[in-house]
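J.: With the input below, show me the fold.
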Amino acid sequence: MSTGTYERLQTAARLVARRVNFKYGLLLALPIPFFLFGLAAGRYPIPLDEVIRTLLSPLAPGIAADVPEVAQTLVLRLRLPRALAGLFIGASLASTGAAFQGLFKNPLVDSNILGVTSGAGFGAALMLLLTGQLWHAQIAAFGFGLLAVTLAFWGSRIYKTSPMIVLTLMGILIGSFFASLTSLLKYIADPLDALPAITFWLLGGLTAVTWVDIPPLAVITLAGAAFLYLIRWQINILSLGDAEAQALGVSTDRLKLGIIVCCTLMTAIAVSVGGVIGWVGLVIPHAGRIVVGPDHKRLIPISLSFGAAFMLAIDNISRTLLPSEVPLGVITGLVGVPLLVALLRRSRVGW
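T.: Numbers count the residues shown, from 1 in each chain. Predicted coordinates for the structure are as follows:
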């Protein structure tokens, strides 16, 4: 091969790489338009320029001087924390779904495989029945979500063979147990007082989100996402099987425990703030694999981006499509089922 031909091939390869990286960057920025639309749309629509100036007003005083006070209040106090919560919750559920699918080597796994969502739902329902206070429900949801996964993990230690299969089975059993307890609480709850609150919370929604909910949600989500990204290549190795991973020098037991703890914390905090929202952790990783392939080096960031964009889009639909707000869990189910069928039909990439 001549020097000129080699240089032309190198130039063509660099151009292709630049195009791929440019498209990848655009996909990572996908949540931005949905985020801005969520701040502008609603019962009281606000022009986009006023939204942007309101967001910049803490950094540049006076820039939003001509923006109506009601618009500034809506953006900064109501819509901004809600949009941030949707962004972090979607990113958490999608990235943990991708990590769990790689860990368990199963494309049908999602964030609730170890029962964290069912445990969190029971904790929230219990506090809504006993105290009726939302912040009590959020704390209990986080605690019982962690408890459910702890019970599943220690229950799987009883058996020494096929630990991941037993862990999956224990997660399903613990999740079913807490789901039954939640049904019992709904049965004995006051149908005019506690039952509507429990039912609405279990359907998922961001209506009650305030600025108080954002710091813990942001810290756990960002820290968990950073951890998953740092071990992205190790998740790839785990997907090959334990024998191959150990042969390559990976401490599989410690790594699996770290992934489980990280994903449990991310899922528990997401459920404690937004309620039970299904399908995100199952559908979004499949969409990411179609776009960037099964390599977790790109799949984890794309799952974060797609999950955030998907949740923001669903929340925008729930607020604007009908006169009354529709719970997020209802819309994710209605959208997630046909979307997953379409993705599986189009998928040409191994999970």
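J.: Please make it C-alpha for all contacts and neighbour counts, starting now.
T.: OK.
J.: my read: residue 80 touches residue 40, true?
T.: No - at 10.0 Å, residue 80 and residue 40 do not qualify as touching, with contact defined as Cα atoms under 8 Å.
J.: Neighbours of residue 211, how many?
T.: Close neighbours of residue 211, defined as other Cα atoms under 10 Å, add up to 14.
J.: secondary structure element for the residue nearest to it when sequence neighbours are not counted?
T.: Here the nearest residue to residue 211 in space, its sequence neighbours aside, is residue 81; by Cα to Cα, 6 or more residues apart in numbering that works out to 5.6 Å. Taking DSSP states H and E as the criterion, residue 81 maps to helix 80-104.
J.: check contacts around residue 79.
T.: Under the criterion of Cα atoms under 8 Å, 6 or more residues apart in numbering, the contact partners of residue 79 comprise 38, 39.
J.: mind listing what residue 132 touches?
T.: Residue 132 makes contact with residue 194, according to Cα under 8 Å, 6+ apart.
J.: whoops, I mixed them up, residue 220
T.: Applying Cα under 8 Å, 6+ apart, one finds that residue 220 lies in contact with 265, 266, 269.
J.: same deal with residue 146?
T.: Residues touching residue 146, when contacts are defined by Cα under 8 Å, 6+ apart, comprise 116, 119, 120, 264, 265, 268.
J.: again, only using 7 Å
T.: Under the criterion of Cα atoms under 7 Å, 6 or more residues apart in numbering, the contact list for residue 146 reads 116, 264, 268.
J.: What helix or strand is it located in?
T.: Residue 146 is part of helix 134-156 when elements are defined by DSSP H and E.
J.: next one: that helix to chain centre, how far?
T.: For helix 134-156, the distance from its own C-alpha centre to the chain's C-alpha centre is 17 Å (Cα atoms, centre = their mean, to the nearest Å).
J.: Could you give the average pLDDT over that helix?
T.: Taken as a whole, helix 134-156 has an average pLDDT of 91.
J.: Which positions within it qualify as buried?
T.: With burial defined by 16 or more other Cα atoms under 10 Å, the residues of helix 134-156 counted as buried are 134-150, 152-153, 155-156.
J.: and what of stretch 73-87?
T.: By 16+ other Cα under 10 Å, the buried positions in stretch 73-87 come out as 74-76, 78-87.
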